[in-house]
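K.L.:
Predicted coordinates and the sequence they were generated for:
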Amino acid sequence: MKLTGGCYCGALRYEAEGAPLMKAQCHCRECSTLTGGSPNVFVAMPVDGFTYTKGTPASFTRSDIPNPVTREFCGVCGTPIMTRTGSFPAAIIKLGSLDDPEAAGGPDIAIFTIDKRSYHHIPEGMPSFERLPG
């Protein structure tokens, strides 16, 4: 599978190739803060198949927590693009940043539902996990 996408203003563009490693909606407190209140909907792609084709992202990594992730976003318009973790070798791409958000398909699972808000929706029948499946 080959996915393309970028930020709202066009300063960043990327390509991601390979088989999706996970497609999920994450309800963790950190993700819902960063999305403005909604679950984070993403596709995890092989990190070695991800490349920026235009621009250089800004990034942020917290220094006050154990095992922080690095979030990459457009430094011009602020669009979140992807997350990198030390424990999961994947480019965790925000579906909203894809040129065609339907190209990756929707999420297959809901994770970190322990933090789910009453107004978050999980489709009926979708496998859900209080934390990560395993």
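P.N.:
On my side now, so go ahead. As the structure is a computational prediction, the values presented were derived from the model and not from experiment. Numbers count the residues shown, from 1 in each chain.
K.L.:
Could you give the number of residues near S97?
P.N.:
22 (other C-beta atoms under 10 Å). No exception for glycine: its C-beta is placed from N, CA and C like everyone else's.
K.L.:
Ignore what I typed, I meant V47.
P.N.:
With other C-beta under 10 Å as criterion, V47 counts 17.
K.L.:
got it, and C9?
P.N.:
For C9, using other C-beta under 10 Å, the count is 12.
K.L.:
and what of R62?
P.N.:
The burial count for R62: 12, using other C-beta under 10 Å.
K.L.:
How about P39?
P.N.:
So P39, with other C-beta under 10 Å, has 24 neighbours.
K.L.:
Tell me how far it lies from T4.
P.N.:
The gap separating P39 from T4 is 23 Å, by C-beta to C-beta, to the nearest Å.
K.L.:
And A11, by the same measure?
P.N.:
Distance, A11 to T4, by C-beta to C-beta: 15 Å.
K.L.:
Q25 is in contact with P39, correct?
P.N.:
Yes. P39 lies in contact with Q25 (C-beta atoms under 8 Å); the separation is 4.2 Å.
K.L.:
List the contacts of L132.
P.N.:
Residues in contact with L132, defined by C-beta atoms under 8 Å, 6 or more residues apart in numbering, are 111-112.
K.L.:
Please apply the same query to A11.
P.N.:
54-55, 74-77.
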